[in-house]
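Participant: what follows is a protein structure lacking sequence information:
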């Protein structure tokens, strides 16, 4: 592969990745709003002292939000991993021509993982679920 083709392909991959960032942001914001809605439903249900059936319905909704949030996290993670794999494939196809240092750093960071991001994702996930479900089933007025 010649240098112009390699650079053009690498830029095109980054443009494609950047276009997915808008969708990822929208998914993230919708997930945060859904978590807030689940927590709000729970809060209103506790304030109104609803019956067990309503508690079950709100709990199922919160579990659904949790599942949706996990799926969105998986989609975003797969977007990053897929992009790193595409850049790695380009690097392999290039032969003696190296991809850019930013692309190399991106591949390395994806391969190493990001424990801080994973902690944040799981903290929001489990925290949101607990905020939405625990008040329904645990009496804190004692």
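Facilitator: Alright, I've got the coordinates. Every value quoted in this text rests on a predicted model; they were computed, and no experiment measured them.
Participant: from here on, just use CA atoms for contacts and neighbour counts.
Facilitator: Noted.
Participant: got the contact list for residue 84?
Facilitator: Taking Cα atoms under 8 Å, 6 or more residues apart in numbering, we find residue 84 in contact with 106, 107, 110.
Participant: let's see 6 Å
Facilitator: Neighbouring residues of residue 84 by Cα atoms under 6 Å, 6 or more residues apart in numbering: residue 107.
Participant: now do the SS call for it.
Facilitator: helix (DSSP: H, G, I helix; E, B strand; the rest coil).
Participant: quick one: low-confidence parts of the chain?
Facilitator: Under the criterion pLDDT under 70, the flagged ranges of the chain are 1, 142.
Participant: spatially central residue for it, please.
Facilitator: Centroid-nearest residue in the chain, with Cα atoms, centre = their mean: residue 73, separated by 2.6 Å.
Participant: that residue: which element?
Facilitator: helix 52-94 (DSSP states H and E).
Participant: how about residue 46?
Facilitator: helix 3-47.
Participant: same question, residue 120
Facilitator: Applying DSSP H and E as the criterion places residue 120 in helix 115-137.
Participant: contacts for that helix next, please.
Facilitator: When contacts are defined by Cα under 6 Å, 6+ apart, helix 115-137 is touched by residues 35, 38, 39, 42, 46, 59.
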